[in-house]
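*Asks:* Requesting a structural model of the entry that follows:
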Amino acid sequence: MIKVITGAEAAAYGAMLCRPAVVCAYPITPASRVSEQLAEFYAEGRIKGRFINVESEMGAIGYVIGASSGGVRAFTATSSQGLAWMHEGLHWASGARLPIVMVNVNRPIATPWNLTSDQSDSLSQRDTGWMQFYCESNQEVLDTVIQAYRVSESVGLPSMVCLDGVYLSYIAESISIPDQEKVDEYLPAYMPTFPAGRLVGSRYKLFDDAAPPAGGYSIADWMESRYILHKLQNKCLDAVLKANEEFKVLFGRSYLPVEHYKAEDAELIVVSAGSAVGTCRYVVDRLREVGHKVGLVKIKMFRPFPRELIRKSLAGKKRVAVIERDVIPGQGGIFCQEIKWALSGHQSVPVYGFVSGLGGNDITIKLIEKAILYAMREEPTEEVIWLGLPEKKVSDEDDRRAIKIY
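*Replies:* Modelled structure (predicted):
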């Protein structure tokens, strides 16, 4: 079935098709439509189970943790301040190996107050042990929710599916909604295979059914749990690749953790994630037409970071321009720092870190072209290159000269 729906609605359709037993979400702009649409599905009887209204995002994450610990499929959605309020629960969910799927609609974290888009909210949760996936289109949002359940339930870790606020969440696109029968074939009814969250007597035991030691848990128990979680993260990539291949066979669509576009013979690679990828792809086409050897690498899977795939994607390239909607104050872009870490000790290539689109600002064709052309002719001298910052806001003389370049 083809339907014209927003990205938030696409997320809700994806969740509905996965037949969650418990959905719990507290509305927050620009993610509210996800929970509203799911509430409508429950009211219409299109989902069997429970839709729970709670008083806050902290309540929502606590509820789905409880539901998942009880052995049922659970879903929630949030954004920005709501995700920040869930922070404690995010660590709990991954430490307990609960295969929860959450949709996060990317929005800046205040202050100043902002209701539009950048990716700093989810990226600030990058060390909580959740898998993270960033979507380019509404179709990808729906499909990724379905794939996320398949991956999470196979490895026993939670997934966060991220989509840009406004640019995807509010914009309607024509998308294909899969048949329920095919989704059921791809994602069978949830049967817990991990002893996560099992209560033994009055104690909480994470990874086995054995009774806890008489003296209680030790520091070594906690360290062992971190070791197991670390090893699980290393298994995620194989699970993602397998789930995507099976999805492609059934539905004809594919979303690799790291995707390439006209990158084989490219001398310069532009790297991006989220809704800006489509604009970058268009700019690559334009620059190719006038003889520039440029290509695109799209990062879909951010956590765990696909280090080996990134190394292969950038091997032999002369320059890399990273364009992203986030920043670490005083350090630079988060994707850029991860890429530099991945390449460290393996290959030497100039990496240009462009920060743009913060607070809902557009990452335009003109800005992307300027970033690529600048990276072709200049050497990187700054950790962060501000792309599209209004000149009137810049007081430092060096920054003012740099802004005139862009």
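
*Asks:* got the contact list for residue 280?
*Replies:* Residue 280 sits next to 270, 272, 296, 323, 368 when contact means CB atoms under 8 Å, 6 or more residues apart in numbering. C-beta: built from backbone N, CA, C; applies to glycine.

*Asks:* Pull out the buried residues from these.
*Replies:* 270, 272, 296, 323, 368 (16 or more other CB atoms under 10 Å).

*Asks:* Any regions of the protein where pLDDT drops low?
*Replies:* Along the chain, the parts satisfying pLDDT under 70 run over 193-220, 391-406.

*Asks:* Could you single out the nearest of the buried ones among the contacts of residue 280 to residue 60?
*Replies:* Comparing those against residue 60 with CB to CB places residue 272 closest, at 30.4 Å.

*Asks:* now residue 14, what's its secondary structure?
*Replies:* helix (DSSP: H, G, I helix; E, B strand; the rest coil).

*Asks:* Start the count at 49 instead of 1 going forward.
*Replies:* From this message on, residue numbering opens at 49, which makes the last subject residue 62.

*Asks:* name the element the nearest residue to it once chain neighbours are set aside belongs to?
*Replies:* Spatially, and ignoring its direct neighbours in sequence, residue 62 is nearest to residue 193 (3.1 Å; CB to CB, 6 or more residues apart in numbering). Following DSSP states H and E, one finds residue 193 within helix 186-203.

*Asks:* Helices of the stretch 149-298 of the chain, start to end?
*Replies:* 168-171, 186-203, 228-234, 267-299 (DSSP state H, counting those that start in this stretch).

*Asks:* Export these to a markdown table and append columns for distance to residue 306.
*Replies:* Shown next, in a markdown table, are these (distance: least, CB to CB, whole Å):
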| stretch | distance to residue 306 |
| --- | --- |
| helix 168-171 | 17 |
| helix 186-203 | 14 |
| helix 228-234 | 22 |
| helix 267-299 | 10 |
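
*Asks:* Quick one: closest of those helices to residue 140.
*Replies:* helix 267-299 (11.9 Å).

*Asks:* Just checking: what are the partner strands of the very next helix or strand once past that closest one?
*Replies:* Using DSSP H and E, the helix or strand that follows helix 267-299 in sequence is strand 306-309. Sheet pairing here is set by DSSP bridges, and for strand 306-309 it gives strand 342-347 (antiparallel).

*Asks:* next one: whatever helix or strand comes next after the strand it pairs with to chain centre, how far?
*Replies:* Scanning forward in sequence from strand 342-347 by DSSP H and E, the next helix or strand is strand 349-351. Computed by CA atoms, centre = their mean, to the nearest Å, the chain-centroid distance of strand 349-351 equals 6 Å.

*Asks:* Mind giving me the packing neighbours of strand 349-351?
*Replies:* Judged by 3 or more CB pairs under 8 Å, 6 or more residues apart in numbering; DSSP states H and E, strand 349-351 is in contact with strand 179-182, helix 267-299.

*Asks:* Just want the phi and psi numbers for residue 329.
*Replies:* Per-residue torsions, residue 329: phi -60, psi -40 (degrees, to the nearest 10).

*Asks:* Check the burial of residue 234 by counting its neighbours.
*Replies:* Neighbours of residue 234 under the rule other CB atoms under 10 Å: 20.

*Asks:* My error: substitute residue 214 in the last question.
*Replies:* 18.

*Asks:* Tell me how far it lies from residue 229.
*Replies:* According to CB to CB, to the nearest Å, residue 214 stands 34 Å off from residue 229.

*Asks:* if I read this right, the residue nearest to residue 62 contacts residue 125, doesn't it?
*Replies:* No. If you go by CB atoms under 8 Å, residue 193 and residue 125 don't touch, sitting 9.8 Å apart.

*Asks:* So for those two, which residues contact both of them?
*Replies:* Counting by CB under 8 Å, 6+ apart, the contacts common to residue 193 and residue 125 are 59, 63, 151.
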